[in-house]
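S.K.: Next comes the sequence, and after it the predicted model I'd like to discuss.
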Amino acid sequence: MMINENQNENQTQNSSFEFSPTIMRDHPLAEKIRKKITKALADYHMLSPHDHVMVCVSGGKDSTILSLLLQDIQKKAPFPFSFKTVLLDQKQPGFDGAAFSEFFRSEGLDLIILESDTYSIVKEKIPEGQTTCSLCSRLRRGILYNYAYEHQFHKMMLGHHRDDLLETLLMNIFYQGKIASMPPKLFSDDGRNIVLRPMVYVPENELRELRDLWKFPVIPCKLCGNLEGAKRDRMEQLLNQLERETPGVKNNMLSALQSLAPSQLMDKRFFDFERTDNEHTHH
Ligand code: SF4
């Protein structure tokens, strides 16, 4: 598969794009989110001195806010680390990253744009009307993992937030029959990559609010016209409804991910049901 790399680091001066409202980096909401990111970075031992990190940017609000706040975190960090932002153009019709990448540059971030036409592959391989996301995201993941490995990035960062974790948890329980979500730190099976999710503590509504305040350009998602998100949207609605009825439900669910009680579940791999039997008979 052809991958083009397009890093226009020196274009800023010649650009015609004007980004007038400078974002307020020290807005209290930005500070609040930054603290949550910093806490997750520390709690899950995400970074080490001199790490070189690749931030995977999708063009949406979450990874954009992560990139901007990471810049501030980097300045105050107790040890040095470096990072680059990388966007993959999958050649979805209508994809236009110009305003987005110009915004990044105006905020002092280099945006590396990789180009790879996974859209055609997906169109060719998947019959019309069938779900395309799993192949599409597998291809995307492969390209980004390879790029990170080949360019000696120690770690990759993704913009998943608290609500993404909770929706994934429900999807896994309801449709896959397993209790699993997305970990804050993942060691890939082949040992080539470490994937970090520093926004696991950040609620999506805070990210939405900050996006509305900062008003930065985004690249619309679902350009492929895919409807596979329907199940995920349903989980989102369900969680939002529960949160409205009982505020705090989402944070309780997040706490649940951090407080497993294997003796109160049914997985024989994590609790030795035979041993307790023997112990009881001795008393
Ligand atoms: S929504 Fe479209 S672009 Fe996103 S993973 Fe699915 S197929 Fe790919």
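M.R.: Alright, I've got the coordinates.
S.K.: Count the neighbours of R208 for me.
M.R.: By the measure other CB atoms under 10 Å, the count of residues near R208 is 13. (Glycine included, C-beta is placed from N, CA and C.)
S.K.: Likewise for Y119?
M.R.: 19.
S.K.: Quick one: list the elements packing against the helix or strand it falls within.
M.R.: Y119 is located in helix 118-125, with elements delineated by DSSP states H and E. Packed against helix 118-125 by the contact rule (3 or more CB pairs under 8 Å, 6 or more residues apart in numbering; DSSP states H and E) you find helix 133-150.
S.K.: Partner strands of the following helix or strand past the helix it packs on, with direction?
M.R.: Once helix 133-150 ends, the next helix or strand along the chain (criterion: DSSP H and E) is strand 155-157. Partners of strand 155-157 in the sheet, by DSSP bridges, are strand 52-57 (parallel), strand 194-196 (parallel).
S.K.: Need the CA coordinates for the first one. CSV is fine.
M.R.: Backbone C-alpha positions of strand 52-57 (Å, rounded to 0.1, in the frame of the first residue of the first chain) are rendered in CSV as follows:
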residue,chain,number,x,y,z
HIS,A,52,9.3,10.5,21.6
VAL,A,53,5.5,10.3,21.2
MET,A,54,3.3,10.2,18.2
VAL,A,55,-0.1,11.8,18.8
CYS,A,56,-2.6,10.3,16.3
VAL,A,57,-4.9,13.1,15.2
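S.K.: Is the ligand within reach of it?
M.R.: No: using CB under 6 Å from any ligand atom, strand 52-57 stays clear of the ligand, with a minimum separation of 13.2 Å.
S.K.: where does the stretch 51-200 of the chain come near the ligand, residue by residue?
M.R.: For the stretch 51-200 of the chain, the residues in contact with the ligand (CB under 6 Å from any ligand atom) are Q92, T132, C133, C136, S137.
S.K.: Can you tell me which of the residues you listed are buried?
M.R.: Buried members of those, scored by 16 or more other CB atoms under 10 Å, are Q92, T132, C133, C136.
S.K.: Unless I'm misreading it, S120 sits right up against K91, doesn't it?
M.R.: Yes: counting by CB atoms under 8 Å, S120 touches K91, with 6.8 Å between them.
S.K.: The two: which has the busier surroundings?
M.R.: In terms of neighbours (other CB under 10 Å), K91 is the more surrounded of S120 and K91; the figures are 14 against 11.
S.K.: Once you drop chain neighbours, what's closest to that one?
M.R.: Spatial nearest neighbour of K91, excluding adjacent residues (CB to CB, 6 or more residues apart in numbering): D117 at 4.1 Å.
S.K.: coming back round to it: could you export the residues of the stretch 51-200 of the chain next to the ligand as CSV, including pLDDT?
M.R.: Below are those laid out as CSV (pLDDT from 0 to 100):
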residue, pLDDT
Q92, 89
T132, 83
C133, 82
C136, 90
S137, 89
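S.K.: Tabulate those (a markdown table), appending distance to P198.
M.R.: Output for those, formatted as a markdown table (distance: CB to CB, whole Å):
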| residue | distance to P198 |
| --- | --- |
| Q92 | 27 |
| T132 | 29 |
| C133 | 24 |
| C136 | 25 |
| S137 | 20 |
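S.K.: Helices along this protein, start to end?
M.R.: In the chain, the helices defined using DSSP state H lie at 28-43, 61-76, 98-106, 118-125, 133-150, 162-171, 204-214, 230-245, 249-257, 273-282.
S.K.: and those helices as a markdown table, adding distance to V53?
M.R.: Formatted as a markdown table, the helices of the chain follow (distance: least, CB to CB, whole Å):
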| stretch | distance to V53 |
| --- | --- |
| helix 28-43 | 11 |
| helix 61-76 | 8 |
| helix 98-106 | 16 |
| helix 118-125 | 24 |
| helix 133-150 | 9 |
| helix 162-171 | 20 |
| helix 204-214 | 20 |
| helix 230-245 | 27 |
| helix 249-257 | 24 |
| helix 273-282 | 43 |
